[in-house]
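J.: Provide a 3D model corresponding to the input given below.
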Amino acid sequence: MRLLQLHPQIRAAARWKHSRIRTISTAIHQPDRVPWKALVSNLQYDPQIECKNGRANLKFRFQHDQGESLNYFVDSLISVINEQADELRRTFPNNYEIPSSDDVVIGDEVAMRILPLVHTWRSHCWNGISDKHEMGITNDTVELELCSHEEHDKDCKCSLPLKERKMEAFLRQYEENDCYCFMPVNGEAFFNLEITKTLLIQGEIGTILNIFSHPDVDYSEWWNQAECHCNACEFNIGLDQIYNMALRSYITLNALLHFPSCGTMHYLIQKMPMTTGNLSHTKR
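T.: A predicted model of the protein is given here:
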């Protein structure tokens with residue numbers, strides 16, 4: 001199900017510190033802190049409204065106080081996200097020792113936790129960062145073992161190569177590219193952006209903070225990005241996609257709880273499309 005574009009400030013709520021993705025994804029309903037009624041009182045669930053893929057949708061009631069109610073909801077939600085994100089950030093060190101380029105910044109335990117998701121999008125979506133990373137061709141068994149190949153081992157076709165877990169891989173810089181040249185120019189850097197998105201989804205905030213402590217990480221260039229300038233209207237491959245989708249899902253699921261005919265939270269989660277902010281559709 002798709003929630004209508006409610007308010008420009010809702011997306012702004014996701015543009016904060018990296019720990020906020022974890023706050024959004026794990027936050028509970030919190031009716032005492034988040035005024036959901038201010039939102040849902042302005043919405044009507046109508047199963048007759050057909051949207052993409054046949055999913056039913058919500059629509060605005062267009063009441064006279066709609067703007068005031070939505071502003072109140074947005075301001076309150078921003079405050080809650082901000083407070084809980086700051087609380088979460090305090091559970092991690094204030095500063096990290098800057099990793100050297102050869103340091104393995106994704107440890108074995110973290111790598112094993114993210115490997116199933118990496119393997120999924122590598123197998124089904126990824127079209128390759130080079131000839132030796134073709135879609136769906138990996139050395140991983142069903143058990144998904146960690147890669148142990150040397151950096152220049154041409155036989156390595158693992159979903160998460162060891163060299164991609166080193167700091168050096170996250171220091172690749174974004175470069176402007178011509179049309180249909182995104183992958184040849186930025187494919188390797190984009191691969192590690194997708195790894196960063198996976199770390200966010202899995203809640204590996206400490207690893208991300210450690211990586212981002214390096215002054216040469218240029219992910220600000222990847223915050224809102226498109227495959228080429230002529231396709232600039234589709235800024236759909238950046239890091240912001242994960243934040244936006246997490247926030248959109250959280251708001252949608254909690255709003256639909258106020259419409260009993262939609263089903264329980266478990267049912268809604270089962271029905272929601274499994275989209276993860278690119279991960280990884282680009283074919284250029």
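
J.: what segments of this structure are helices?
T.: 8-12, 20-26, 36-40, 66-89, 108-124, 182-201, 205-212, 240-256, 265-271 (DSSP state H).

J.: and the longest one, how far out from the chain middle?
T.: It refers to helix 66-89. 20 Å (Cα atoms, centre = their mean, to the nearest Å).

J.: show me what it is packed up against.
T.: The contact analysis (3 or more Cβ pairs under 8 Å, 6 or more residues apart in numbering; DSSP states H and E) places helix 66-89 against helix 8-12, helix 20-26, helix 36-40. Just so you know, the C-beta spots here come from the backbone N, C-alpha and C atoms, and that holds for glycine as well.

J.: and residue 260, how far is that from residue 40?
T.: Here the criterion is Cβ to Cβ, to the nearest Å. By it, residue 260 lies 12 Å from residue 40.

J.: right, and residue 45 touches residue 259 too?
T.: Yes. Shown here, residue 45 and residue 259 form a contact pair, counting by Cβ atoms under 8 Å, at 4.2 Å.

J.: ok so, going back, reformat the helices of the chain as CSV; add mean pLDDT and mean neighbour count.
T.: Listed next are the helices of the chain as CSV, based on pLDDT from 0 to 100; neighbours: other Cβ atoms under 10 Å:
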stretch, mean pLDDT, mean neighbour count
helix 8-12, 37, 14
helix 20-26, 46, 20
helix 36-40, 95, 19
helix 66-89, 93, 16
helix 108-124, 90, 17
helix 182-201, 93, 21
helix 205-212, 96, 20
helix 240-256, 87, 20
helix 265-271, 58, 12
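
J.: which stretch among those helices approaches residue 223 most closely?
T.: Closest approach to residue 223 among those (Cβ to Cβ): helix 240-256, 5.4 Å.

J.: what angle separates that closest one from helix 182-201?
T.: Taking axes from the mean of the first three to the mean of the last three Cα atoms, to 10 degrees, one finds that helix 240-256 is oriented at 40 degrees with respect to helix 182-201.

J.: ok now helix 240-256, how far from the chain's centre?
T.: The answer for helix 240-256 is 10 Å, by Cα atoms, centre = their mean.

J.: and that helix, what other elements does it pack with?
T.: Here helix 240-256 touches helix 8-12, helix 20-26, helix 36-40, helix 182-201, helix 265-271, going by 3+ Cβ pairs under 8 Å, 6+ apart.

J.: if you set the cut-off to 10 Å instead, what comes out?
T.: Where contact means 3 or more Cβ pairs under 10 Å, 6 or more residues apart in numbering; DSSP states H and E, helix 240-256 is packed against helix 8-12, helix 20-26, helix 36-40, strand 43-46, strand 57-60, helix 66-89, helix 182-201, helix 265-271.

J.: closest to residue 240 out of those?
T.: helix 8-12 (8.4 Å).

J.: if we can go back for a sec, can I get the helices and strands packed on helix 240-256 in CSV including distance to residue 105?
T.: CSV is the format used below for the helices and strands packed on helix 240-256 (distance: least, Cβ to Cβ, whole Å):
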stretch, distance to residue 105
helix 8-12, 29
helix 20-26, 18
helix 36-40, 39
strand 43-46, 43
strand 57-60, 42
helix 66-89, 19
helix 182-201, 10
helix 265-271, 31
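
J.: which one, of the ones you listed, ends up nearest to residue 146?
T.: helix 182-201 (14.2 Å).

J.: wait, residue 77 sits on residue 35?
T.: Yes. With contact defined as Cβ atoms under 10 Å, residue 77 reaches residue 35; the gap is 8.4 Å.

J.: start to end distance for stretch 156-163?
T.: 10 Å (Cα to Cα, to the nearest Å).

J.: what's the neighbour count on the residue nearest to residue 230 when sequence neighbours are not counted?
T.: Closest residue to residue 230 apart from its sequence neighbours, by Cβ to Cβ, 6 or more residues apart in numbering: residue 179 at 5.4 Å. Applying other Cβ atoms under 10 Å, we find 11 residues neighbouring residue 179.

J.: ramachandran angles for residue 179?
T.: phi -60, psi 140 (degrees, to the nearest 10).

J.: state the distance from it to residue 185.
T.: In terms of Cβ to Cβ, residue 179 sits 11 Å off from residue 185.

J.: residue 163 too?
T.: The gap separating residue 163 from residue 185 is 20 Å, by Cβ to Cβ.

J.: cool, residue 246 as well?
T.: 29 Å.
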